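**Student:** starting from these lines, generate the structure:
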Amino acid sequence: MPLWINDPAALSAHLQDPPAWVGLDTEFIRERTYYPQLALVQLCIDGDIALIDPTRADVAALLVPMLTDPGVVKIMHSSSEDLQAFKAGCNAVPTPVFDTQVAAALCGLGAGLSYLKLVEQLCGITLEKGETRSDWLQRPLSESQRHYAADDVRYLLPIFDVLNAKLDELARRPWLDAECQRAPPAAAEEAIDA
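**Tutor:** This next block holds a predicted model:
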């Protein structure tokens, strides 16, 4: 069961030892708003999953040092909307990012692969996607929502390991780095323009 964090002290304790790699995702609401409203942040550090409630400003602010730490690589899938949600909800854009969707395309696995398809292809696991249109601002989250949210980061590190090795084998890691360096500034601009 993932750890639920909605308290600044608990989040500070959870983030006190910055990891080299973190699986990162968000849930947000975009209906009837000009910008995505950040509703949930999912973190996977060394296989431990935390679901963080960023709706409190003091909690969201504590995420900023980890989001902007150049020594912590944020492993994300199809990160553009998540980056916009972080800009709107935390006033920070995660960097550096390793985008598994971009990496999969550069490895020849297919362009625009969904997380569901990538998990199935690389991990042999079929994920449930029943909570895609869920109300992520409701509290408490249902058990089904928590399970869905945890799955969104549970497989990012194993996927990263496979894709990172393949990129090195193909000598395409610089291509991914260049693409992922362009994404955060673009997301920040889109969030401002929205």
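
**Student:** drop to CA atoms for contacts and neighbour counts, all remaining ones
**Tutor:** Noted.

**Student:** who are the contact partners of the residue positioned nearest the centre of the chain?
**Tutor:** Note on the chain: the residue nearest the mean C-alpha position is residue 25, at 2.2 Å, using CA atoms, centre = their mean. Taking CA atoms under 8 Å, 6 or more residues apart in numbering as the definition of contact, the neighbours of residue 25 are 41-43, 76-77, 82, 152-153.

**Student:** inside helices: which ones of these?
**Tutor:** With helices defined by DSSP state H, the entries of the contacts of residue 25 inside them are 82, 152-153.

**Student:** and those residues, which is closest to residue 137?
**Tutor:** The nearest member of those to residue 137, counting by CA to CA, is residue 82 at 15.8 Å.

**Student:** the closest one is in contact with residue 26, isn't it?
**Tutor:** Yes - under the contact definition of CA atoms under 8 Å, residue 82 touches residue 26, with a separation of 5.9 Å.

**Student:** ok, now which ones touch residue 177?
**Tutor:** By CA under 8 Å, 6+ apart, the neighbours of residue 177 are residue 98.

**Student:** what segments of this protein are helices?
**Tutor:** If you assign secondary structure with DSSP H, the helices in the chain sit at 8-14, 57-68, 80-90, 100-106, 115-123, 143-154, 156-170, 173-193.

**Student:** and the last one, what's its mean pLDDT?
**Tutor:** To tie it back to what came earlier, the one meant is helix 173-193. The predicted model gives helix 173-193 an average pLDDT of 72.

**Student:** what does the second one give?
**Tutor:** Mean per-residue pLDDT for helix 57-68: 95.

**Student:** if we can go back for a sec, closest one to residue 31 among the helices of the chain?
**Tutor:** With respect to residue 31, and counting by CA to CA, the nearest of the helices of the chain is helix 80-90 at 13.0 Å.

**Student:** so where is this protein shaky, pLDDT-wise?
**Tutor:** Low-confidence segments of the chain (pLDDT under 70): 32-34, 132, 183-194.

**Student:** what about 90?
**Tutor:** With pLDDT under 90 as the threshold, the chain has low-confidence stretches at 1, 18, 29-36, 56-57, 128-134, 177-194.
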